[in-house]
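Engineer: here is my input; please provide its structure:
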Amino acid sequence: MDTIRQLSISPNDGQVVQLAGWIKNIRSQKKFGFIDLQDGTSFTSVQVVFDDELVDFSNIAKYRVGAAIEVQGSIIVTPEAKQAYEIKAMQVTLLGDSLEQYPIQPKRHSREFLRELPHLRVRTNLFTAVFRVRSLTAHAIHRFFQDQGFVHVHTPILTSNDGEGAGEMFRVTTLPLEQVPKTKAGDVDFKQDFFQVATNLTVTGQLHVESYLPAFRNVYTFGPTFRSENSNTKIHAAEFWMIEPEMAFADLQANMDNAEAMIKYVIEYVMTHAPEEMNFFNEYVEPGLVEKLNKVKTKPFAVVRHEEAITLLQQANVTFDHSPVQGGDLATEHEKYLVQHFDGPVYVIDWPKDIKAFYMRLNDDGTTVAAMDLLVPGSGELIGGSQREERLEPLLARMKQMNVPQADLEWYLDLRRYGSVIHSGYGIGFERLVMYLTGVENIRDVIAFPRTVKHLMY
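Structural biologist: Predicted coordinates:
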């Protein structure tokens, strides 16, 4: 069986081929017709020409969009046409019919409409392109870290820890919800639960993957994470994937160098291996996308301290909806301004300790931590990371200050008791990276079956 991808590399005039795929469009007249055939191996379809010399011409003309067919025919090279070649059909066989009410017809559908059909929407050009790029992006990430000698660690999805300390976790239980067992003190009696402890879906693999540093030096995890955050926005989902590398003997600068190299590697890989899809996004989704990505790929990332960034914002001749405050977080409008000011990606480093996680290394000034957020054009924050607090006593002090239960994290503290070294890491939301690469603005459109607040289909 031939494929469109194979034939498109070097079509030979007159070559007899056999293809199987799905009808994207079909048009017929009295004596001839055209089928746009998609076989899943290429972003572009191939045009199949059939005429009344075929004994079952009238039946073929009645085939519907979405039907699966097998075509035997000969290649006709068409250098003057949009496509380099077409197929002159000698035989067309119906493999799987498509009912008349098939909703994905050859016309423009709104993304809102297609979100109600997540099991079918991937058959449209937009979602075919998105999910091929998603696949390539995942492969590029693994290839980047594997080529640098990182070890991939599969961290647990079920956990008894809150890695971020925010408490936005999904509880997992086998206890009967209609009559939850309680202790004498009136608390939930988790001793009667499956694991006999309070159990959650993970919000991060970072704490677990850090434990593998002393064995492998450089490690990463790439897996699903879950947040019960009640945010109904274009960039939030309850289930998403995270890439989280951790590097031993690496300070904040080494951390930023690795993150920058990774982003540039992924951009280069996707643009090389999905040129048709990227051109589609550039034309129909985000005009100027390719130019933006090429600029990111070639230009060094800027760096600014959080305090300096706030000063820049305060001195800007711009009226913000949220006034920038020293010691405060950055709003989306602030991130956009900083990206424009630096004309490209920028690291904001040395964040106030009070708005960052307990595991980030305290700087010598005692008020900031060695943290970094990467802001990029069009997406805002793409990466968040830090040099980790490798010293036991400062880590204990931070946990106490932030009311992080020590008893639950004694295993994590052991990592500081036995051979602790300077180390750093970062996290990048995989879906946000795909959004950045494709120009697609809504996270619901880069996840096959999105899970968001008040919405879970299938």
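
Engineer: angles on the backbone of residue 53, please.
Structural biologist: Dihedral angles of residue 53 (phi, psi; degrees, to the nearest 10) stand at phi -70, psi -20.

Engineer: pLDDT score assigned to it?
Structural biologist: At residue 53, the model reports a pLDDT of 95.

Engineer: what about it, how many residues nearby?
Structural biologist: For residue 53, the count of nearby residues is 11 (other C-beta atoms under 10 Å). From N, CA and C alone the C-beta is placed, and that goes for glycine too.

Engineer: could you list every residue that touches it?
Structural biologist: By C-beta atoms under 8 Å, 6 or more residues apart in numbering, residue 53 lies in contact with nothing.

Engineer: which residue ranges of the stretch 301-450 of the chain form strands?
Structural biologist: Using DSSP state E, counting those that start in this stretch, the strands of the stretch 301-450 of the chain run over residues 302-305, 346-352, 368-376, 380-387, 423-429.

Engineer: what's the closest of the ones you listed to residue 25?
Structural biologist: strand 423-429 (36.0 Å; C-beta to C-beta).

Engineer: quick one: mean pLDDT over that closest one.
Structural biologist: The pLDDT scores in strand 423-429 average 97.

Engineer: just stretch 308-315 next, same as before
Structural biologist: 96.

Engineer: which residues touch that stretch?
Structural biologist: By C-beta under 8 Å, 6+ apart, stretch 308-315 touches 304, 320, 324, 325, 326, 328, 330, 334, 337, 338, 341, 348.

Engineer: can you rerun that using 7 Å?
Structural biologist: Stretch 308-315 has contacts (C-beta atoms under 7 Å, 6 or more residues apart in numbering) with 324, 325, 326, 334, 337, 338, 341, 348.

Engineer: quick one: low-confidence ranges for the stretch 201-350 of the chain?
Structural biologist: When residues are selected by pLDDT under 70, none of them lie in the stretch 201-350 of the chain.

Engineer: that one: helices as residue ranges?
Structural biologist: For the stretch 201-350 of the chain, the helices defined by DSSP state H, counting those that start in this stretch occupy 206-210, 213-216, 252-273, 275-284, 289-298, 306-315, 332-341.

Engineer: go on, the stretch 51-200 of the chain?
Structural biologist: With DSSP H, counting those that start in this stretch as the criterion, the stretch 51-200 of the chain has helices spanning 57-60, 111-115, 125-147.

Engineer: buried members of the contacts of stretch 308-315 into ChimeraX, please.
Structural biologist: Here is the ChimeraX selection string for the buried members of these, based on 16 or more other C-beta atoms under 10 Å:
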select :324,334,337,338,348
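
Engineer: that older thread, now render the helices of the stretch 201-350 of the chain as JSON lines, adding distance to residue 452.
Structural biologist: Output for the helices of the stretch 201-350 of the chain, formatted as JSON lines (distance: least, C-beta to C-beta, whole Å):
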{"stretch": "helix 206-210", "distance to residue 452": "24"}
{"stretch": "helix 213-216", "distance to residue 452": "34"}
{"stretch": "helix 252-273", "distance to residue 452": "25"}
{"stretch": "helix 275-284", "distance to residue 452": "23"}
{"stretch": "helix 289-298", "distance to residue 452": "25"}
{"stretch": "helix 306-315", "distance to residue 452": "30"}
{"stretch": "helix 332-341", "distance to residue 452": "18"}
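
Engineer: of those helices, which is nearest residue 417?
Structural biologist: Of those, nearest to residue 417 by C-beta to C-beta is helix 213-216, at 11.7 Å.

Engineer: flag every buried residue along that closest one.
Structural biologist: Quick answer for helix 213-216 (16+ other C-beta under 10 Å): 213, 216.
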